[in-house]
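K.L.:
Following is a predicted model, sequence given first.
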Amino acid sequence: MNIFVLMKRTFDTEEKIALNGGKINEDGAEFIINPYDEYAIEEAIQVRDANGGEVTVISVGGEETEKQLRTALAMGADKAVLINTEDDVENGDQFTTAKLLAEYLKDKDADLILGGNVAIDGGSGQVGPRVAELLNIPYVTTITKLEIDGSNVTVTRDVEGDSEVIETSLPLLVTAQQGLNEPRYPSLPGIMKAKKKPFAELELDDLDLEEDDVEAKTKTIEIYLPPKKEAGKVLAGDLNDQVKELVHLLHTEAKVI
């Protein structure tokens, strides 16, 4: 089975985001594999182990993304591909990323493509579905279970606190939701093997694309942090006095009643 995983490099979930001039300051920040993409990588490895084939992890970004791709290889992926946009794309968006990924995948005869449900930085959830549309294959988002029987696929997906079961077929693109599996940690042997696994780096020219072909369809004007919340108030006195004070504050300050 020919399996591909769409992976993104994101800020560490413990990282404190700093802004400078309306943009995120990345100096000294720690980066990781987008957590939802870890579920996709783990699922891809399990599907390969059960059905045979190989897993290729693809990412769009700069040279620094190699570290996260090597981590995916250490987890158990077979190959990694970096589509390096450092010199060719100044300001990309979800369209840019999807266009690059789809252009790479269009002649790869992918049976299964997996990605994270959302990236924890942008949170748009657009890239996976956009890639599927460009490749003209079906897709199912926010999956929590994946069962493959030949070319038939049964998918369980999360829908606002409930779940639904969908039957479809390969080729297919799915995006992983929390609960799909428990991603493994790279083992020491896995880390050593990752150094020798195939790693390819491509640029726009390699995909027969021009900068105009991947020009962003949207523009980020400004990034800003939410306003700081005021400290909460602790009400004192007996219960009746607290209730009266709470009603007064909800009416005069919160203005919700």
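P.N.:
Alright, I've got the coordinates.

K.L.:
What segments of this structure are helices?
P.N.:
For the chain, the helices defined by DSSP state H occupy 35-51, 66-75, 94-105, 127-135, 188-194, 239-252.

K.L.:
which stretch in those has the least confidence?
P.N.:
In terms of mean pLDDT, the lowest-scoring of the helices of the chain is helix 239-252 (a mean of 89).

K.L.:
so how far is that one from its chain's centroid?
P.N.:
How far helix 239-252 lies from its chain's middle: 45 Å, per Cα atoms, centre = their mean, to the nearest Å.

K.L.:
Likewise for stretch 18-27?
P.N.:
For stretch 18-27, the distance to the chain centre is 21 Å (Cα atoms, centre = their mean).

K.L.:
Could I get the average pLDDT for it?
P.N.:
Computed over stretch 18-27, the mean pLDDT rounds to 74.

K.L.:
what sits up against it?
P.N.:
Contact with stretch 18-27 is made by I17, I221, E222, I223, Y224, L225, as judged by Cβ atoms under 8 Å, 6 or more residues apart in numbering. (Glycine included, C-beta is placed from N, CA and C.)

K.L.:
Next, the contact list for L207, please.
P.N.:
By Cβ under 8 Å, 6+ apart, the residues touching L207 are I83, L100, E103, Y104.

K.L.:
please redo it, this time with the cut-off set to 7 Å
P.N.:
When contacts are counted by Cβ atoms under 7 Å, 6 or more residues apart in numbering, L207 touches L100, E103, Y104.

K.L.:
Quick one: those as CSV, columns for neighbour count too.
P.N.:
Shown next, in CSV, are the contacts of L207 (neighbours: other Cβ atoms under 10 Å):
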residue, neighbour count
L100, 24
E103, 21
Y104, 21
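
K.L.:
Out of those residues, which is nearest to E147?
P.N.:
Nearest to E147, judged by Cβ to Cβ, of the contacts of L207 is Y104 at 27.6 Å.

K.L.:
I'd guessed that closest one sits against I58; true?
P.N.:
Yes - judged on Cβ atoms under 7 Å, Y104 makes contact with I58 at a distance of 6.5 Å.
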